[in-house]
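Colleague: Pasting the sequence and the predicted coordinates here, then a few questions.
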Amino acid sequence: MPQAIDVGSILGGRYKVTGRILASAEDDIILDGLDQVLNRPVSILVSAVENSGNLTQSAREVATGERMSAVSILDLGTQDGSTYLIASRTSPADLLDLVVPTELADEDVYREPFFTDTLGTEIFGSARDDAPKGGPYVYEDNTPLTPAHQYPAVLPMPATPPPAALPAATAAHAATPAAAVVPPKDAAPKVTLWSEDDYGFINDDHNAATSQGRKGGTFPAEVLAASGDFDPAEDFDEDDENAPRTGGRWLTGIIVAVLVVGALVFAVSHIGSLINGGNLAGDTSPATQSQSQTTAGAETSSVPPVAPVVPPVVVGTTDVTTYVAGAARYGDQFIPRLKDATDGNKGTYWPTVEFSNDSFAGVTDSIDLAIELQAEATIDSVTINQIGGSGGQFNVLTNSAPSLDGATKIGSGSFSAPDFTLKAAPGVKAKYVIISFTQLPKLQPFVTYPYGMKIAEISIK
């Protein structure tokens, strides 16, 4: 057994071995570990020397999807001559399946006999050939014809001699090829250039004799003569019926002015009454001053002084569990490790023994841990970090002594994640913080029984 990996070893610089689960008949070992970077529990499989190749091959097949497995692989490496695999929390049976190689028979794998160049023959009814055969088809020019059946070249149409009885002009027309069209000689050009006259310009050289009709931009003389006597101002001045009416605007202005004057009179009269009836600024009688001083003193005395906030400092942890009379005290072997629950290091933890059910197998009603503080301090929050547990139930209490008698409950919770944080109400103070586990969480994985606890850290702020 060359495996030197055991409890306390660090794999890959981050995975700490925290427990030993089991060893197979072939010396494959399954360990319990903790990812110290992400603070989460992991399962570790250390294979025997003869199974190292199988473990490496299986890990690659699972990673590429060639092999189905319920194991979520996180890391793979070697240390001290042993090959190890890091996975998320998994049952030992699933982990040990990875050291068993998988082989596929060649006859079960379908192999294509050749490239499917002749797939078209099978589609159209005939069987596929045993091997691709070179055919006469040419695909470079996108035509299905073979080189022996190319399209003929385009030949010029033969000229048909004109009949002898036709006139010369008809014969000449018939002798002309069909792609050759002769335009008529008298055809007018399709584009006509514009002259300066078309733009309405009149040069000094032109005279009335050369200009025919009215040029663009000019008006007839009679139109200009008729428009010379037009005065638009006269018609607008005489149009009294269509003139805008201004009487309504004057009426609106007068009403607004009256309202403004009334508002000013009302404001001045009320301000004067207030000044005459009240005290002027700075005119304060001795009775008023004494009354204000008395009121201020009463308000000052009614405000309680703010108590100073004392941060909690953990001194130690004590197991104050009460067991049934006559029953063995479970977990005495783990009492020296109680300090690991409050040492500030999440890589260490305090475990309990494993129980067959979540009610402590009937030997007690609860497991109670009392965390002692250096002095009575203000409690803001309580955080519990645990490993591998889910479910369960616990209460958080405060007291002036390490006992459940007279303790005050400040909250409760259950494990649904590695970390649990309870926010206390404002003003909570205590000398002892007591965690009372009334129902055990379920462990995964476990060695003998599935119920127990692994408390990595309890921090109080």
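Modeller: Everything's here; your move. Worth saying up front: this structure is predicted, and the values here are computed from it rather than measured.
Colleague: When you work out contacts or count neighbours from here on, use the C-alpha atoms and nothing else.
Modeller: OK.
Colleague: where does the stretch 1-150 of the chain dip in pLDDT?
Modeller: 1-3, 103-150 (pLDDT under 70).
Colleague: For T78, list the residues it contacts.
Modeller: Shown in contact with T78 (CA atoms under 8 Å, 6 or more residues apart in numbering): Y84.
Colleague: How is it assigned, secondary-structure-wise?
Modeller: Using DSSP: H, G, I helix; E, B strand; the rest coil, the secondary structure recorded for T78 is strand.
Colleague: same deal with P41?
Modeller: strand.
Colleague: Correct me if wrong: Y349 contacts M453.
Modeller: No - shown here, Y349 and M453 do not form a contact pair, counting by CA atoms under 8 Å, at 9.7 Å.
Colleague: what is in contact with the two at once?
Modeller: With CA under 8 Å, 6+ apart, Y349 and M453 have no common neighbours.
Colleague: quick one: buried residues of the helix or strand containing S52?
Modeller: Per DSSP states H and E, S52 falls inside helix 52-64. Residues of helix 52-64 classed as buried: S52, N54, L55, T56, Q57, S58, A59, E61, V62 (neighbour count, 16 or more other CA atoms under 10 Å).
Colleague: same for that helix, what does it pack against?
Modeller: Other helices and strands packing on helix 52-64, by 3 or more CA pairs under 8 Å, 6 or more residues apart in numbering; DSSP states H and E, are strand 73-79, strand 82-88.
Colleague: related to what we said a few turns ago, just put the buried residues of helix 52-64 in CSV and tack on distance to F266.
Modeller: Output for these, formatted as CSV (distance: CA to CA, whole Å):
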residue, distance to F266
S52, 102
N54, 102
L55, 99
T56, 98
Q57, 99
S58, 97
A59, 94
E61, 95
V62, 92
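Colleague: can you name the two of the residues you listed that are farthest apart?
Modeller: Spatial extent of the buried residues of helix 52-64 (CA to CA) is set by the pair S52 and V62 at 15.5 Å.
Colleague: got the CA positions of the helix holding S52 in CSV?
Modeller: Taking C-alpha atoms only, helix 52-64 is exported to CSV below (Å, rounded to 0.1, in the frame of the first residue of the first chain):
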residue,chain,number,x,y,z
SER,A,52,-4.2,4.6,-11.4
GLY,A,53,-4.5,4.2,-15.2
ASN,A,54,-8.1,3.2,-14.9
LEU,A,55,-8.9,6.2,-12.7
THR,A,56,-7.2,8.6,-15.1
GLN,A,57,-9.0,7.1,-18.1
SER,A,58,-12.4,7.2,-16.4
ALA,A,59,-11.9,10.8,-15.4
ARG,A,60,-11.2,11.8,-18.9
GLU,A,61,-14.2,9.9,-20.3
VAL,A,62,-16.5,11.5,-17.7
ALA,A,63,-15.1,15.0,-18.6
THR,A,64,-15.6,14.5,-22.3
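Colleague: ok and that helix relative to strand 82-88, angle-wise?
Modeller: Per axes from the mean of the first three to the mean of the last three CA atoms, to 10 degrees, the angle that helix 52-64 makes with strand 82-88 is 30 degrees.
Colleague: Identify all contacting residues around helix 52-64.
Modeller: 47, 67-69, 73, 76, 82-83, 98-102.
Colleague: change it to 7 Å
Modeller: R67, M68, S69, T83, L98, V99, V100, P101 (CA atoms under 7 Å, 6 or more residues apart in numbering).
Colleague: Now do the closest residue to the last one other than its chain neighbours against L22, distance only.
Modeller: I take that to be P101. Among residues not flanking P101 along the chain, N54 sits closest, at 5.4 Å (CA to CA, 6 or more residues apart in numbering). Distance of N54 to L22, computed by CA to CA, to the nearest Å: 19 Å.
Colleague: Backbone torsions only: list them for the closest residue to P418 other than its chain neighbours.
Modeller: The shortest distance from P418 to any non-neighbouring residue, by CA to CA, 6+ apart, is to Q386 (5.3 Å). Note on Q386: its backbone torsions stand at phi -130, psi 170 [degrees, to the nearest 10].
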